[in-house]
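Asker: below is the sequence, then the predicted model.
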Amino acid sequence: MNRIPFTPAFAKLTIGSLDDHDVEVEAQYNPHELAVDKQIAWQDKPRRDDIELNGTPKRSMSIELLFDGFERGASVDGEIAMLEKLSDIRSDAPPGEHHRRPHHCVVVWGERGIKPFRCVIEALTVKYTMFDRFGAPLRASCTVKLREAPLRDDGAIEARAAGRTSLRAQKAGFTG
């Protein structure tokens, strides 16, 4: 019996801002599951035994990410801060209520992974599960709930993600 050697994943799930390309979080460990929910707004028609579509179907995604700095003795504050920034109202927007909005984001997972999911962060839950003796968080699990949003399509994040994935593959000795 021929055994197939273990091949580690070189494509990591990434959540990045389409507004500020320096703001992104790469999963330390890829999630073991990814849930996508699609809500279709049906409405009963008055005086008929029929229903009609009331609005565009909306998808949402829920991802659980684990960040662990225990073995290297490093805090996970940086990754959590980046997720917080992605979920906050943009600070670089011009003054005025109509300009206040969250970061437009995209979730990508490798060249052959899930189709890029353009979204905004709807909810972020952080659960700290390990601390060093000074109280710095060494481990955290984060549940990120995303809502699909019709956003611009400049391809920059997807291209950058594909480039990073290819570079990782080359460094690890993997080919397409």
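Answerer: Sure, I can see it.
Asker: what is the neighbour count of residue 106?
Answerer: Number of residues near residue 106 (other CB atoms under 10 Å) recorded here: 22. Every C-beta, even on glycine, is put in place using the N, C-alpha and C of the backbone.
Asker: verify the stated contact: it with residue 116.
Answerer: Yes: under the criterion of CB atoms under 8 Å, residue 106 makes contact with residue 116 at 5.2 Å.
Asker: tell me which stretches of this protein form strands.
Answerer: 13-17, 24-26, 34-39, 42-44, 51-53, 58-68, 105-109, 117-131, 137-148 (DSSP state E).
Asker: and the closest residue to residue 117 other than its chain neighbours, what does it touch?
Answerer: In this structure, residue 117 finds its nearest non-sequential neighbour in residue 107, 4.3 Å apart by CB to CB, 6 or more residues apart in numbering. Listed by CB atoms under 8 Å, 6 or more residues apart in numbering, the contact set of residue 107 reads 13-15, 61, 63, 114, 116-117, 119, 146.
Asker: so can I have CSV of those showing pLDDT, distance to residue 101 and neighbour count?
Answerer: Below are these laid out as CSV (pLDDT from 0 to 100; distance: CB to CB, whole Å; neighbours: other CB atoms under 10 Å):
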residue, pLDDT, distance to residue 101, neighbour count
13, 91, 24, 22
14, 92, 21, 20
15, 94, 17, 27
61, 94, 19, 18
63, 94, 21, 21
114, 77, 24, 13
116, 89, 20, 16
117, 91, 18, 20
119, 93, 13, 24
146, 96, 15, 25
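Asker: lowest-confidence helix or strand of this structure?
Answerer: Here the helix or strand of the chain ranked lowest by mean pLDDT, DSSP states H and E is helix 156-172, holding a mean of 48.
Asker: where are the low-confidence patches of the chain?
Answerer: 1-10, 47-49, 91-99, 113, 151-176 (pLDDT under 70).
Asker: 80 - rerun?
Answerer: Scanning the chain for pLDDT under 80 picks out 1-10, 43-56, 91-100, 110-114, 150-176.
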